[in-house]
Structure formats: structure tokens, C-alpha cells
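Novice: What follows is a predicted structure for the sequence shown.
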Amino acid sequence: MSLESSLYDDGFLKFEKLRDNFEWFYSNYDGLKRDYGNQYVAVKDKSQIDNDCSLETLIKRLNLSNCDESIAIEYVNK
């Protein structure tokens, strides 16, 4: 396996994880809306891992300095 295909496979796996997290977010939106309305919600491995009213605070707390993690973050309207 070449380095190029290895990087492609790694990127594809990260994309699939991110897609799965967004799918989980939207399929569980009603429950998230009840519990975390008007907040940003972070999802990793198909579960809610953190939330905050401030996106900046949430990102700092999660220590997301690069996009290497497959964490979905979305705002939940009340």
C-alpha cells in the first residue's frame, strides 16, 4: 500500500466517523433539543460528549486545535 492510498484511507475513515456523528445528531435531535436547547453540542463516536452556549468555549474545552478528531458540533435550537 502506498503512502498516498494510506492517507486517503485514513481521511476516508475520518470522514465516515464524522458523517456517522452528524447522522446520530440529527436522528436524536428531539432529545438533544429537550436537554441542550440553545447550546452547541459536540458528538463523538455517536454520543454527546459536551455542550455549551459558547462555541468558542466548547472548542477550547475540547482542545480542538486541529481537525484530526472526528467530532461533530452543531447548534441545537430550542
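Specialist: That came through, no problem.
Novice: In the lowest-mean-pLDDT helix or strand in the chain, which residues are buried?
Specialist: Of all helical and strand segments in the chain, the minimum by mean pLDDT, DSSP states H and E falls on helix 3-27, at a mean of 87. For helix 3-27, burial by neighbour count (16 or more other CB atoms under 10 Å) applies to 17-18, 21, 24-25. All C-beta spots, glycine's among them, are computed from the backbone N, C-alpha and C.
Novice: Make CSV out of those and add distance to Ile73.
Specialist: Below are the buried residues of helix 3-27 laid out as CSV (distance: CB to CB, whole Å):
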residue, distance to Ile73
Lys17, 14
Leu18, 10
Asn21, 9
Trp24, 13
Phe25, 9
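Novice: Backbone torsions only: list them for Gly37.
Specialist: For Gly37, the backbone dihedrals (degrees, to the nearest 10) come out as phi -60, psi 140.
Novice: That one: what's its closest spatial neighbour, skipping adjacent residues?
Specialist: With CB to CB, 6 or more residues apart in numbering as the measure, Lys78 is the residue that lies nearest to Gly37, at 3.2 Å, once sequence neighbours are left out.
Novice: Quick one: residues contacting the one you found.
Specialist: Contacts for Lys78 (CB atoms under 8 Å, 6 or more residues apart in numbering) come out as 33, 37-38.
Novice: By neighbour count, which of the residues you listed wins?
Specialist: In terms of neighbours by other CB atoms under 10 Å, the contacts of Lys78 top out with Lys33 at 15 neighbours.
Novice: and that one, what element?
Specialist: Assigned by DSSP states H and E, Lys33 belongs to helix 29-36.
Novice: Helix or strand next in line after that helix, which one?
Specialist: Next along the chain after helix 29-36, taking DSSP H and E as the criterion, comes strand 39-44.
Novice: Just the residues contacting that following strand, thanks.
Specialist: Taking CB under 8 Å, 6+ apart as the rule, strand 39-44 contacts 21-22, 24-25, 32, 48-55, 58, 62, 69-76.
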